[in-house]
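> Below is the structure, and that's it, no one-letter string:
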């Protein structure tokens, strides 16, 4: 419950007007809850959050234009104090992890009763996090697996020389051999040699795989962090 007579300010974002209206009625039947804005898509939701400064934004995971993940990141960038509750279609940790990474504090499925949604809003308003209990085990396993993958990736990166890390960073940005050569003031042939060495050390076979190795493992900031 909101304290000191303050209502919890809520933003609703879903492409279906009838769903928003039903949800608004359900939420505002409680004296401590106030819907201050509505949005049909991701960019609208971010703009409304900036305009209305809600305490909690309730987002459909499949918003048009920018989805729940992208919209969460936009809202947290523009209104950091706004807590985000994402409502998804199922209990899939592969979808949940990016949502949490983007800054959301809670997740529910569309199968949840209204009472659970109301309780979630109050939980987030108190500064707590809410994840369905049935998802906690799979979520922890997925996070541990990702940490192991990142540790293995970091070990591969540590095998690269400083110059190779610089080349890999440019590869991840989409630079070709000539572009790498210009930036690092080396010959295109030397750039090609570095790239082949990188492929061997990372056990990849193409520029695309090398770039994916960097982005998927979240190791870009470490590429040029230490001397080789």
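Everything's here; your move. Since the model is a prediction, treat every value here as computed from it, not as a measurement. Residues are numbered from 1 along each chain as shown.

> what comes up buried for the strand or helix carrying residue 192?
Using DSSP states H and E, residue 192 sits within helix 188-202. Along helix 188-202, these residues count as buried under the neighbour rule (16 or more other C-beta atoms under 10 Å): 190-191, 194-195, 197-199, 201-202. For every residue, glycine as well, the C-beta is placed using N, CA and C.

> Counting by contacts, list what that helix packs against.
If you count contacts as 3 or more C-beta pairs under 8 Å, 6 or more residues apart in numbering; DSSP states H and E, helix 188-202 packs onto helix 162-172, helix 177-184, helix 207-217.

> what's the closest of those helices to residue 22?
With C-beta to C-beta as the criterion, residue 22 lies closest to helix 207-217 of the helices and strands packed on helix 188-202, at 39.3 Å.

> list the buried ones in the closest one?
The neighbour-count check on helix 207-217 (16+ other C-beta under 10 Å) flags 207, 210-211, 213-214, 217 as buried.

> by contact count, what packs against that helix?
For helix 207-217, the packing partners by 3+ C-beta pairs under 8 Å, 6+ apart come out as helix 133-158, helix 162-172, helix 188-202.

> now it and helix 162-172, what's the angle there?
Interaxial angle, helix 207-217 versus helix 162-172 (axes from the mean of the first three to the mean of the last three C-alpha atoms, to 10 degrees): 90 degrees.

> Count the residues that sit near residue 68.
25 (other C-beta atoms under 10 Å).

> With the flanking residues excluded, which residue is spatially nearest to it?
In this structure, residue 68 finds its nearest non-sequential neighbour in residue 61, 3.8 Å apart by C-beta to C-beta, 6 or more residues apart in numbering.

> quick one, what contacts the one you found?
Listed by C-beta atoms under 8 Å, 6 or more residues apart in numbering, the contact set of residue 61 reads 67-69, 86-89, 95, 99.

> of all those, which comes closest to residue 180?
Nearest to residue 180 among those is residue 69, at 31.4 Å by C-beta to C-beta.

> So that closest one is in contact with residue 100, correct?
No - assessed by C-beta atoms under 8 Å, residue 69 is found out of contact with residue 100, at 9.6 Å.

> which residues does the most centrally placed residue in the chain contact?
Nearest residue to the geometric centre of the chain (C-alpha atoms, centre = their mean): residue 102, 2.7 Å. Residues in contact with residue 102, defined by C-beta under 8 Å, 6+ apart, are 69-70, 72-73, 76, 84.

> let's go with 7 Å and repeat that
The contact partners of residue 102, by C-beta atoms under 7 Å, 6 or more residues apart in numbering, come to 69, 72-73.

> how's the protein carved up into domains?
Here the domain parsing of the chain from automatic domain parsing is 8-131, 145-222.

> Quick check: which of these is buried the most?
Burial of the domains of the chain is given as mean neighbour count (mean count of other C-beta atoms under 10 Å); domain 8-131 ranks first at a mean of 18.

> Do me a favour and average the pLDDT over that one.
Mean pLDDT, domain 8-131: 94.

> Can you give me the end-to-end span of it?
Counting by C-alpha to C-alpha, to the nearest Å, you get 20 Å between the two ends of domain 8-131.

> Was I right to think residue 134 contacts residue 91?
Yes - in terms of C-beta atoms under 7 Å, residue 134 counts as a neighbour of residue 91; the distance is 6.1 Å.

> overlap in contacts of these two?
Common contact partners of residue 134 and residue 91 (C-beta under 7 Å, 6+ apart): none.
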